[in-house]
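Provide a 3D model corresponding to the input given below.
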Amino acid sequence: PPPPPRARADLPALLSRSSIVLFGDSLTQRGFERDGWAAAVADYYGRRADVYNRGYGGYNARWGAELAPALLPPPLPGAGRHMLVTVWFGANDAALPSERAHVPLSEFEAHLDGVVTRAARAAHRVVVVTPPPVHGPTRLAYQRRKYGDKASGVEERTTELSAAYPPAPKS
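Numbering: from 1, shown residues only. The predicted structure is shown next:
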């Protein structure tokens, strides 16, 4: 093995890394599962950036907007900004209006715009990810696995609903 490094005055600068924040719902949270997209980002940026997963299962843009001030504060004077922030909400927001996590489209747009504005102040780059399409039979199978006999059998998320939720703010 190589000898241990000697104490160096410039060691803190050598050890400092850029940071990447992945912010969103369960699609972000589960991104570190085997072969997940967040794991691929962390692998790609290994030793060059620390990747922070801030995915919250079941969250929507309304609840994400409440967390954003704590997760994405403006950089302190003399401190660097994040290299990148991803923002991925919309899958839960676009659920049927009867679902707890549903957020009406106009409210979703306002919350997403606020989160992205905050992220832009905290990072050099912001990537906003669109809600994905929904495969009904897979969604119903998930419902049966999760709730068993109590599964509603109703598709509470659809591709048509998700497609109405825009991938990026208007401003």
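
How about the secondary structure of R125?
With DSSP: H, G, I helix; E, B strand; the rest coil as the basis, the three-state label of R125 is strand.

Can you check which helix is longest in the protein?
Selection of the longest helix in the chain by residue count, based on DSSP state H, yields helix 105-122.

in that helix, what counts as buried?
108-116, 118-119, 122 (16 or more other CB atoms under 10 Å). Any C-beta I mention is one placed from the backbone N, CA and C, and that applies to glycine too.

Tell me which residues are up against it.
With contact meaning CB atoms under 8 Å, 6 or more residues apart in numbering, helix 105-122 is reached by 21, 23, 60-62, 64-65, 68-69, 72-75, 81-82, 85, 87, 89-90, 93-94, 103, 126, 128, 164-166, 168-171.

give the contact list for L96.
The neighbourhood of L96, defined by CB under 8 Å, 6+ apart, consists of 102, 154, 156-157, 161.

So which residues make contact with the helix or strand containing A40?
Following DSSP states H and E, one finds A40 within helix 37-44. Residues outside helix 37-44 that contact it (CB under 8 Å, 6+ apart): 20, 22, 28, 31-33, 51, 53, 55.
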